[in-house]
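Engineer: Give me coordinates for this.
(2 chains)
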Number of protein chains: 2
Amino acid sequence: MSLPGIATPPNELTAREAVLRLRASRIREVANASLGRGDVLAFWFGEPDELTPEFIRRAGIAALQAGETFYTHNHGIPELRAALSTYLSGLHRPVAVESIVVTSSGMSALMLATQALAGPGDRVVEVTPLWPNLVEIPKVLGARVECVPLAFAPSGWTLDLDRLLAALTPGTRALYVNSPNNPTGWTITREAQRVILDHCRRLGIWVVADDAYDRLYFGEGKAAPSFLDIAEPGERLVSTNTFSKSWLMTGWRIGWLVSPPPLAIQIGKLIEYNTSCVPPFIQRAGLTAVQSGEPVIAHTVERYRRARDFLIPRLNAIPGVQAASPPGAMYAFLRIDGMTDSLAFCKKLVAEAKLGLAPGVAFGPEGEGFVRWCFASGVERLAEGVDRLAGSLRT
Amino acid sequence: MSLPGIATPPNELTAREAVLRLRASRIREVANASLGRGDVLAFWFGEPDELTPEFIRRAGIAALQAGETFYTHNHGIPELRAALSTYLSGLHRPVAVESIVVTSSGMSALMLATQALAGPGDRVVEVTPLWPNLVEIPKVLGARVECVPLAFAPSGWTLDLDRLLAALTPGTRALYVNSPNNPTGWTITREAQRVILDHCRRLGIWVVADDAYDRLYFGEGKAAPSFLDIAEPGERLVSTNTFSKSWLMTGWRIGWLVSPPPLAIQIGKLIEYNTSCVPPFIQRAGLTAVQSGEPVIAHTVERYRRARDFLIPRLNAIPGVQAASPPGAMYAFLRIDGMTDSLAFCKKLVAEAKLGLAPGVAFGPEGEGFVRWCFASGVERLAEGVDRLAGSLRT
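Structural biologist: Numbering: from 1, shown residues only, chains lettered A, B, ... in the order given. All right, here's what the predicted structure looks like:
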């Protein structure tokens, strides 16, 4: 089959090396071990347990009935961009419509921001442990990722700001921060934001803020501290967000980003080459969520606060378990004494205790020794889960 | 604002250079010139003029009412993958479920295939003129794109096969072919497919076939000749497709791809980092389309055949205009004698004749001197458009 003088075909029957090296989900690996077992009590996925409220679904249905089935503008329908401008200007500082781009999920917003900013050989810095997607995306584009770890203490996760600033060297392309953080719940302080922004301003480093959990915040105010509160409109900041967590819309795949308008124009071009636009009937549902969804957020935050305040003390009461109470998001990231292989530990938990948790190593090497527990769930289910974990650790 | 000893911030307030160089849509540039003018007769966008059939919309609505609002598997819901396997196996050769990946549009399928295959410095070859997205995607990943042009004759567009094979040198990563082709309607022959596949086999070159218009085919058989008919399941072929054209679902953003299973696994990983999954209620609508949508395709093909057979002779009857009758897709790509700036020409058409066509240069330098006319439209509208074009060329 080979031409004279031509070597064996160079391309393997699979993806290029950089893609092969991307991490597959370790959470899926554990979940797959329980396929077909209905008796597993699962807290591994980062997904609310409640379906999308009916009034939001109805808005999508009405648009489908009205025949809204054609392409829309790459940047999103004007009504939704305007509503997001009002929403964000109320939460933070004035955010112009021209800064707002509607995206096919928060995930897509992060991919687009990375495509726009990080090319082959570029260096980006990320605060970890972190959901793996954020660490892997820049590698798809050929960029290099350096991680700065958070430190765990039973009183809470903390960021070593000096260490982060030292990593943000001249020529660094971007800093990625997810706060409130998945998986730890760590939430950046206003003071830390100011220091980081000041440093990045001086060196021309972009800040990419994954603000997916900004409304799932148990502190004061309507949202977690955001770089959008303190950065000027023309600064090197991209804030990405999603409808998934605030309005219980995970399966809808709609999100948005805020960026300086010159970058937003370029990101519109990239949207054309990624998904072209978000379905119009999904944008209509999103519009209803933004305009009328505050009670959904209030209900969810109260529910998760109760879940957190129930779960954390009970976890800490188990000998050998330590968990900090998270100021935001919907996860307990708990340390288990003496446990050094969280993947094996979680597989054993599924098999023997029928309890589904996510292995800490799924969130980077800094997460080893921990497991993640999503507490977007009712208190009775959580109690049963605690019993199963305690029972398993006793044996 | 600068640190002692540190130069001006290196990052401009916009995207990286490779992204700035990506082409923005020249079609949009013309369309924007008519914003707010309701009297323009527009044939510039590649979109059917009929909305999604009600039975398909109803399937999506039913899933929303049933509460299908959560994440699905990265690769798509099993029912849809199985239905696509049945559908494709009936049209081509047996296509296993493991080879099929549901994607967030045909656009996304092409982006995913390119992310999987083409990295920085890789060389890909494309047959042009071509819709710009396919040429620009590899550049987002840092790959180099070489174009091999089709030749125009009033009897039809033709591919110089020797020239294409000469461009497919050892080490080339992939060949991109869109057939039936947007914008020319050129449709590859079975013989050409065999020669190309044989050559690519010997050199280990991937074939990425954009099969978006495979069912909009006016020749014999139910679909245009496809590489899926002749390639073995384990070969270096990715076929991308979309629900947009066959089932009038442009705004739904759902598509699929067929690839060897080892690559499909890697593409599933990439889906997690791009859009994570397609909304489940959209997949349900897609399932209904695949299972019960043949009458939609039959209706559409007959409608477009009538439109084509009405339009092409009338265009050729205009002095100075030449148009080949396309064997597939939904476009006339017409040459206008003496016209050398299609962007200016189309802007003038909008302003003076209130006729909206797409400039040929939007599809690459090989398209200069031509304009694209989407004939997914009723015959009366087409007749009025022909009158406006003829009138404009007379003056």
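Engineer: so where do the strands sit in chain A?
Structural biologist: A:41-42, A:100-103, A:123-128, A:144-149, A:174-178, A:206-210, A:237-242, A:255-258, A:321-322, A:331-336, A:355-356, A:358-359, A:370-374 (DSSP state E).
Engineer: and residue B:120, which of those strands is closest to it?
Structural biologist: Closest to residue B:120 of the strands of chain A, according to C-beta to C-beta: strand A:144-149, at 12.4 Å. The way it works is simple: take the backbone N, C-alpha and C, and place the C-beta from them, glycine included.
Engineer: Is chain B within reach of the closest one?
Structural biologist: No - if you take C-beta under 8 Å from any C-beta of the partner chain as the test, strand A:144-149 misses chain B, and the best it gets is 12.4 Å.
Engineer: how many neighbours does whichever residue of the stretch 151-300 of chain A sits closest to chain B have?
Structural biologist: Sorted by distance to chain B under C-beta to the nearest C-beta, the residues of the stretch 151-300 of chain A start with residue A:204, at 2.2 Å. By the other C-beta atoms under 10 Å in any protein chain shown criterion, the neighbourhood of residue A:204 contains 20 residues.
Engineer: repeat for residue A:220
Structural biologist: Here the number of neighbours of residue A:220 (other C-beta under 10 Å) works out to 5.
Engineer: And the one 10 residues further on, by the same measure?
Structural biologist: Residues near residue A:230, counting by other C-beta under 10 Å, number 16.
Engineer: avg pLDDT for stretch A:222-234?
Structural biologist: If you average the pLDDT over stretch A:222-234, you get 95.
Engineer: That stretch close to chain B?
Structural biologist: Yes - Stretch A:222-234 is in contact with chain B by C-beta under 8 Å from any C-beta, via residue A:234.
Engineer: What count of nearby residues applies to residue A:340?
Structural biologist: Burial of residue A:340 is recorded as 10 neighbouring residues (other C-beta under 10 Å).
Engineer: Next: residue A:302.
Structural biologist: 11.
Engineer: List the contacts of the lowest-mean-pLDDT helix or strand in chain A.
Structural biologist: Among the helical and strand segments of chain A, the one scoring lowest on mean pLDDT, DSSP states H and E is helix A:26-32, with a mean of 82. Contacts to helix A:26-32, defined as C-beta atoms under 8 Å, 6 or more residues apart in numbering or on different chains, come from residues A:42, A:44-45, A:132, A:343, A:346-347, A:350, A:356-359, A:361-362.
Engineer: Name the residues of it that are buried.
Structural biologist: A:26, A:27, A:28, A:30, A:31 (16 or more other C-beta atoms under 10 Å in any protein chain shown).
Engineer: How far away from the center of its chain is that helix?
Structural biologist: Computed by C-alpha atoms, centre = their mean, to the nearest Å, the separation of helix A:26-32 from the middle of its chain amounts to 18 Å.
Engineer: Same check on stretch A:329-341?
Structural biologist: Worked out by C-alpha atoms, centre = their mean, stretch A:329-341 lies 18 Å from the chain centre.
Engineer: Same question for stretch A:154-166.
Structural biologist: With C-alpha atoms, centre = their mean as the basis, stretch A:154-166 stands 20 Å off its chain's centre.
Engineer: That one - what's its average pLDDT?
Structural biologist: Stretch A:154-166 shows a mean pLDDT of 97.
Engineer: can you tell if that stretch touches chain B?
Structural biologist: No - contact between stretch A:154-166 and chain B, assessed by C-beta under 8 Å from any C-beta, is absent, since the two come no nearer than 11.4 Å.
Engineer: Okay, buried residues for that stretch please.
Structural biologist: Neighbour-count burial for stretch A:154-166 flags A:156, A:157, A:159, A:161, A:164, A:165 (criterion: 16+ other C-beta under 10 Å).
Engineer: mind checking how far the closest residue to the fifth one other than its chain neighbours is from residue A:177?
Structural biologist: What it means is residue A:164. Distance criterion C-beta to C-beta, 6 or more residues apart in numbering or on different chains; nearest residue to residue A:164, sequence neighbours excluded, is residue A:148 at 4.8 Å. Distance, residue A:148 to residue A:177, using C-beta to C-beta, to the nearest Å: 10 Å.
Engineer: Compare neighbour counts for these two and give me the winner.
Structural biologist: More crowded of residue A:148 and residue A:177, by other C-beta under 10 Å: residue A:177, with 25 against 20.
Engineer: Isn't the more buried one up against residue A:207?
Structural biologist: Yes - between residue A:177 and residue A:207 a contact is recorded at 6.8 Å, counting by C-beta atoms under 8 Å.
Engineer: joint contacts of the two?
Structural biologist: Counting by C-beta under 8 Å, 6+ apart, the common neighbours of residue A:177 and residue A:207 are A:196, A:227.
Engineer: Could you chop chain A up by domain?
Structural biologist: A:17-51+A:296-394, A:69-292 (automatic domain parsing).
Engineer: So for residue A:148 and residue A:177, which residues contact both of them?
Structural biologist: By C-beta under 8 Å, 6+ apart, the residues touching both residue A:148 and residue A:177 are A:126, A:127.
Engineer: anything in stretch A:345-362 sitting right up against chain B?
Structural biologist: No - judged by C-beta under 8 Å from any C-beta, stretch A:345-362 stays clear of chain B, getting no closer than 12.1 Å.
Engineer: follow-up on the earlier one: mind putting the buried residues of helix A:26-32 in CSV, distance to residue B:144 included?
Structural biologist: Output for the buried residues of helix A:26-32, formatted as CSV (distance: C-beta to C-beta, whole Å):
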residue, distance to residue B:144
A:26, 35
A:27, 37
A:28, 35
A:30, 41
A:31, 40
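Engineer: mind listing the helices for the stretch 151-300 of chain A?
Structural biologist: Ranges of helices in the stretch 151-300 of chain A, per DSSP state H, counting those that start in this stretch, are A:161-167, A:190-203, A:227-230, A:261-274, A:280-292, A:294-316.
Engineer: which of these is buried the deepest?
Structural biologist: Counting by mean count of other C-beta atoms under 10 Å in any protein chain shown, helix A:280-292 has the highest mean neighbour count of those, with a mean of 24.
Engineer: quick one: contacts of that one?
Structural biologist: A:52, A:55-64, A:68-70, A:72, A:76-77, A:79-80, A:83-84, A:87, A:102, A:243, A:246-247, A:249, A:252-254, A:278, A:296, B:251, B:279.
Engineer: which of the residues you listed are buried?
Structural biologist: In the contacts of helix A:280-292, burial by neighbour count holds for A:52, A:56-57, A:59-61, A:63-64, A:68-70, A:72, A:76-77, A:80, A:83-84, A:87, A:102, A:243, A:246-247, A:249, A:252-254, A:278, A:296, B:251, B:279, counting by 16+ other C-beta under 10 Å.
Engineer: Closest one of the contacts of helix A:26-32 to chain B?
Structural biologist: For these, the closest approach to chain B (C-beta to the nearest C-beta) belongs to residue A:45, at 7.3 Å.
Engineer: Measure how buried the closest residue to the closest one other than its chain neighbours is and give me the count.
Structural biologist: Sequence neighbours aside, residue A:374 is the residue nearest to residue A:45 in space, at 6.5 Å (criterion: C-beta to C-beta, 6+ apart). Residues near residue A:374, counting by other C-beta under 10 Å, number 24.
Engineer: Quickly note the distance from residue A:374 to residue A:356.
Structural biologist: Applying C-beta to C-beta to residue A:374 and residue A:356 gives a distance of 10 Å.
Engineer: Same check on residue A:392?
Structural biologist: Look at residue A:392 and residue A:356: by C-beta to C-beta, they are 12 Å apart.
Engineer: near chain B, which residues of the stretch 51-200 of chain A?
Structural biologist: Applying C-beta under 8 Å from any C-beta, one finds that the stretch 51-200 of chain A approaches chain B through A:51-52, A:57, A:60-61, A:64-65, A:67-72, A:104-105, A:107-108, A:111, A:115-120, A:122, A:133, A:136-137, A:140-142, A:170-171, A:173.
Engineer: Show me which of residue A:392 and residue A:356 is the more surrounded one.
Structural biologist: residue A:356 (24 against 16).
Engineer: which non-adjacent residue is nearest that one?
Structural biologist: Distance criterion C-beta to C-beta, 6+ apart; nearest residue to residue A:356, sequence neighbours excluded, is residue A:42 at 3.4 Å.
Engineer: I appreciate the help and will end here.
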